[in-house]
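Undergrad: how would this look folded up:
(4 chains)
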2 protein chains.
Amino acid sequence: MKITIKDIAKMADVSTATVSKIVNHKDQNISHATRQKVLDLIEAHNYVPNRIASSMITKKTHSIGLIIPDITNPFFPEVARGVEDYANMEGYHVVLCNSDNKLDKEVSYIGMLQEKMVDGIIFTSSSLRNKVSKEFLRLQIPVITVDRDITGMRAQGKITVDNTSGAYQGVSYMIERGYKRILHLGGPMTSKPALDRFEGYRNALSDYGIQFDEKLFFEGNYNAQWGYEGVLEALTNKIEFDGIFCGNDMIAIGAIKALNEKGISVPGNVGVMGFDDIYMATVVTPNLTTVCQPNYQMGYKAAEMLIELIKHPEAKMMDVVLKTKLVIRESTK
Amino acid sequence: MKITIKDIAKMADVSTATVSKIVNHKDQNISHATRQKVLDLIEAHNYVPNRIASSMITKKTHSIGLIIPDITNPFFPEVARGVEDYANMEGYHVVLCNSDNKLDKEVSYIGMLQEKMVDGIIFTSSSLRNKVSKEFLRLQIPVITVDRDITGMRAQGKITVDNTSGAYQGVSYMIERGYKRILHLGGPMTSKPALDRFEGYRNALSDYGIQFDEKLFFEGNYNAQWGYEGVLEALTNKIEFDGIFCGNDMIAIGAIKALNEKGISVPGNVGVMGFDDIYMATVVTPNLTTVCQPNYQMGYKAAEMLIELIKHPEAKMMDVVLKTKLVIRESTK
DNA sequence: TATAATTAAGTAAACGTTTACCTAGAGAGA
DNA sequence: TCTCTCTAGGTAAACGTTTACTTAATTATA
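TA: Numbering: from 1, shown residues only, chains lettered A, B, ... in the order given. Sure thing, here's the model as predicted:
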């Protein structure tokens, strides 16, 4: 049988109120002797308070939900780690949910988290959908969206990176290094980041007086497979290019692979730039020049904002946009 | 104000017991009319049951703790995903904890999870330590260790992979393909898997009549950095080798990088084999031949065992060892 | 010395459920 | 008609805490 506050109280010959105060360090008015006696008993009997019972009264569970598409996608472990680090520091637990970007899983997780009385939710979805925002609307807990925001959603906080200026920065660098015909292998244009990166790409071209050539733009998915195929497609269509700006690092890795196989040297013949700066970028040959996205920071900051909102629900909506950073390695000259 | 079961009961003019039975589908003895009325009210007022309150009575929180060293380490997202998939299927939540292999964080997480009344814990630690097992001993909930077991620990379940035979399989394959002097760049010998893989390596050599040469064995860490340095070290010491069996894929990736830089072709001059089969192995050039470890399966199976134990605490201790599989790609000839 | 303030506790309700047990009425069997 | 068994639902305690309020004793103040 698990030992409870009542058992300790009885053994110490005090009331449960007294024990509670001691456990929660609200013990200004407890004599030293009593405190010590209770503490000794707690130690001796290995009493651990039941936080579920506390939650009933305090209405706080000190746990937060983290809904992401897939922890297996190299982008997310970093943000999850950021979330968990801050949460842990503040005494919060994080409940991990993989939605696979599926609406029904998202909705079901939101429901489950609500039933479990989490104090707040951090949410990422790669598609901009509306149904989910309805679910959030009836939640009485704060929600922070990270990376991709949701249309029509009135999240109490939003954290994104400046994809447009990141892409601008990357493409500008390539142009300055002498690349003239830069292919853009983008992600799915249904996602905001892909849109923004494309915009940054176009802005840079335009600012440097280069005409945008739509034959140089390909839309695909955020994976190596697509990078590989995209290059092959460009090659078979005899499209000339001396550089590739990729929608993310995975695309870049696939692209380099295709280039290698076709005997096109990187960065000798073609320069390649990625986006994200996942760990793999440092390990692939050649090391990837890329636009670094502060994934860990995003998670950390999201948790910070969320917990701030949990503690001060009256705080007003926050909207943070994080800066990217160019990381120059070996895949560009 | 949040709406509770009492509100619904009052509105439907029934008792909370009735509402509870309906919500939990224990409604054999509820008339259709009453059930419908209650269900409508629930729908209309968006009532969601407070599972915290249920937990107080049922003594079950339907959540499990997952303690891993670092979700950012490419090995773990897959197992986390496996855990979460099975847990979710069974209606359980998973609480993610990154211990960084630090004893104090491990202990602190165990305490927090206990306070939050999780129904069970899945635990991985890379070092074999004892202190933690004491913490587990006083827990009244089931614990499953995955990947590395803990000495002196009486976990109710244990799930590992057969590292010895995996390594044996990998090294045998290399020998059969004609590799004669196979370097072993191992992980830290304080961890069981490293020990076992080393054993498999030696067994294979011995079974094929090759004398073990201790100059061919290097102990290091499980990262690309070490693979890179290990190769350089072997090279500067003028150690001859035509193959490398690496402690894991990261080491292999680092090794290939060093080999490339030194103008040694893979697999032309030297064959390289990894261990784990992380995603990166498929994306690196050349693609890595490796011993595939069923990470996702480990997590999935661990969750399965844990939840089985939660439901049937009288079930006896389980000990599962998963098989590895050789995956032949391009880094061996 | 009488009163006020402080200290060191204790009392008991409340949090939102579940569940063992109870009850009243209706139909069935003898 | 009487008893038995269902059916449909209700009662109230219990789960383990927290906390607003109370109380008794001690100390300080006037």
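Undergrad: show me what contacts A:F76?
TA: Contacts of A:F76 were listed using C-beta atoms under 8 Å, 6 or more residues apart in numbering or on different chains, and they are A:I68, A:P69, A:D70, A:T124, A:N295, B:P77. The way it works is simple: take the backbone N, C-alpha and C, and place the C-beta from them, glycine included.
Undergrad: Who does A:H184 form a beta bridge with?
TA: In this structure, A:H184 has the following beta-bridge partners (DSSP bridges): A:F217, A:F245.
Undergrad: would TSV of the contacts of A:F76 with distance to DNA strand C be doable?
TA: Compiled in TSV, the contacts of A:F76 are given as follows (distance: C-beta to the nearest atom of the strand, whole Å):
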residue	distance to DNA strand C
A:I68	28
A:P69	30
A:D70	32
A:T124	29
A:N295	37
B:P77	34
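Undergrad: any idea which of those residues is least confident?
TA: For the contacts of A:F76, the model is least confident at A:T124; its pLDDT is 89.
Undergrad: any idea of the mean pLDDT in stretch A:28-47?
TA: Model confidence over stretch A:28-47 averages 93 on the pLDDT scale.
Undergrad: Show me the shaky parts of chain A.
TA: Segments of chain A classed as low confidence (criterion: pLDDT under 70) are A:126-130, A:149-154.
Undergrad: Got the domain ranges for it?
TA: With automatic domain parsing as the criterion, the domains of chain A are listed as A:5-49, A:61-161+A:295-323, A:163-293.
Undergrad: Out of the ones you listed, flag the one nearest DNA strand D.
TA: Nearest to DNA strand D among the domains of chain A is domain A:5-49 (3.0 Å), distances taken as C-beta to the nearest atom of the strand.
Undergrad: first to last residue in that closest one, what's the distance?
TA: 7 Å (C-alpha to C-alpha, to the nearest Å).
Undergrad: is any part of it close to DNA strand D?
TA: Yes. Part of domain A:5-49 sits close enough to DNA strand D to count as contact by C-beta under 7 Å from any atom of the strand, namely A:I5, A:K6, A:T16, A:A17, A:S20, A:K21, A:V23, A:N24, A:K26, A:Y47, A:P49.
Undergrad: Please work out which residue of the stretch 151-300 of chain A is closest to DNA strand C.
TA: Per C-beta to the nearest atom of the strand, the residue of the stretch 151-300 of chain A with the smallest distance to DNA strand C is A:Q156, at 22.0 Å.
Undergrad: quick one: contacts for the residue lying closest to that residue once chain neighbours are set aside?
TA: The spatially closest residue to A:Q156, leaving aside those adjacent along the chain, is A:P142, at 4.4 Å (C-beta to C-beta, 6 or more residues apart in numbering or on different chains). When contacts are counted by C-beta under 8 Å, 6+ apart, A:P142 is found next to A:G120, A:I121, A:Q156, A:G157, A:L306, A:L309, A:I310, A:P313.
Undergrad: what does A:D85 give?
TA: Under the criterion of C-beta under 8 Å, 6+ apart, the contact partners of A:D85 comprise A:G299, A:Y300, A:A303, B:N98.
Undergrad: List the buried residues for the one helix or strand the first one maps to?
TA: Which is A:G299. When elements are defined using DSSP states H and E, A:G299 is found to belong to helix A:295-311. In terms of neighbour count (16 or more other C-beta atoms under 10 Å in any protein chain shown), helix A:295-311 has its buried residues at A:295-310.
Undergrad: Now name the helix or strand holding the spatially most central residue of chain A.
TA: Taking C-alpha atoms, centre = their mean as the criterion, A:V79 is the residue nearest the geometric centre of chain A, at 3.9 Å. Element membership for A:V79, per DSSP H and E: helix A:76-89.
Undergrad: how about the next helix or strand after that helix: buried residues?
TA: Sequence-wise, the next helix or strand beyond helix A:76-89 is strand A:93-98, with elements assigned using DSSP H and E. Of the residues in strand A:93-98, those scored as buried under the neighbour-count criterion (16+ other C-beta under 10 Å) are A:H93, A:V94, A:V95, A:L96, A:C97, A:N98.
Undergrad: Check stretch A:46-59 too.
TA: A:Y47, A:V48, A:P49, A:N50, A:R51, A:I52, A:A53, A:S54, A:S55, A:M56.
Undergrad: Can you measure across that stretch, start residue to end residue?
TA: Taking C-alpha to C-alpha as the criterion, the two ends of stretch A:46-59 lie 26 Å apart.
Undergrad: Name the surrounding residues that touch that stretch.
TA: A:2-5, A:7-8, A:23, A:41, A:61-62, A:117, B:52-53, B:55-56, B:61, B:111, B:114-117, B:138.
Undergrad: Would you confirm that A:S265 belongs to a helix?
TA: No. Inclusion of A:S265 in a helix is not indicated when DSSP: H, G, I helix; E, B strand; the rest coil is applied; the result is coil.
Undergrad: Count the neighbours of it for me.
TA: Counted with other C-beta atoms under 10 Å in any protein chain shown, residues neighbouring A:S265 total 10.
Undergrad: Could I get the contacting residues of it?
TA: A:L259.
Undergrad: from the residues of domain A:5-49 next to DNA strand D, which two are the most distant?
TA: In the residues of domain A:5-49 next to DNA strand D, the most distant members under the criterion C-beta to C-beta are A:K6 and A:K26, with 18.5 Å between them.
Undergrad: Kindly report the residues of the stretch 1-150 of chain A close to DNA strand C.
TA: If contacts are counted using C-beta under 7 Å from any atom of the strand, the residues of the stretch 1-150 of chain A sitting beside DNA strand C are A:13-18, A:29-31, A:33-34, A:53, A:56-57.
Undergrad: A:T164: which of the contacts of A:D85 is nearest?
TA: Distance to A:T164 across the contacts of A:D85 (C-beta to C-beta) is lowest for A:G299, with 21.6 Å.
Undergrad: mind listing the strands for the stretch 101-250 of chain A?
TA: In the stretch 101-250 of chain A, the strands defined using DSSP state E, counting those that start in this stretch lie at A:120-123, A:143-146, A:157-161, A:182-186, A:217-219, A:243-246.
Undergrad: So which elements touch the shortest one?
TA: I take that to be strand A:217-219. In this structure, strand A:217-219 makes packing contacts with strand A:182-186, helix A:224-236, judged by 3 or more C-beta pairs under 8 Å, 6 or more residues apart in numbering or on different chains; DSSP states H and E.
Undergrad: want to throw the ones you listed into JSON lines with mean neighbour count and distance to A:E214?
TA: Formatted as JSON lines, the entries for the helices and strands packed on strand A:217-219 read as follows, by neighbours: other C-beta atoms under 10 Å in any protein chain shown; distance: least, C-beta to C-beta, whole Å:
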{"stretch": "strand A:182-186", "mean neighbour count": "26", "distance to A:E214": "10"}
{"stretch": "helix A:224-236", "mean neighbour count": "20", "distance to A:E214": "13"}
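Undergrad: Serialize the ones you listed to a markdown table and add fields for distance to B:G186.
TA: Compiled in a markdown table, these are given as follows (distance: least, C-beta to C-beta, whole Å):
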| stretch | distance to B:G186 |
| --- | --- |
| strand A:182-186 | 39 |
| helix A:224-236 | 29 |
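Undergrad: Just send those back as CSV, with distance to DNA strand C too.
TA: Rendered in CSV, the data for the helices and strands packed on strand A:217-219 read as follows (distance: least, C-beta to the nearest atom of the strand, whole Å):
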stretch, distance to DNA strand C
strand A:182-186, 47
helix A:224-236, 46
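Undergrad: re earlier: so which of the buried residues of strand A:93-98 also contact chain B?
TA: A:H93, A:V94, A:V95, A:L96, A:C97, A:N98 (C-beta under 8 Å from any C-beta of the partner chain).
Undergrad: I'd say the last one and B:R81 touch.
TA: Translated: A:N98. Yes. Between A:N98 and B:R81 there is a contact at 6.2 Å, judged by C-beta atoms under 8 Å.
Undergrad: Overlap of the contact sets of these two?
TA: Counting by C-beta under 8 Å, 6+ apart, the contacts common to A:N98 and B:R81 are A:D70, A:I71, A:T72.
Undergrad: returning to what we had before: widest-spaced pair of the residues of the stretch 1-150 of chain A next to DNA strand C?
TA: When C-beta to C-beta is used, the two most widely separated members of these are A:A33 and A:M56, lying 31.2 Å apart.
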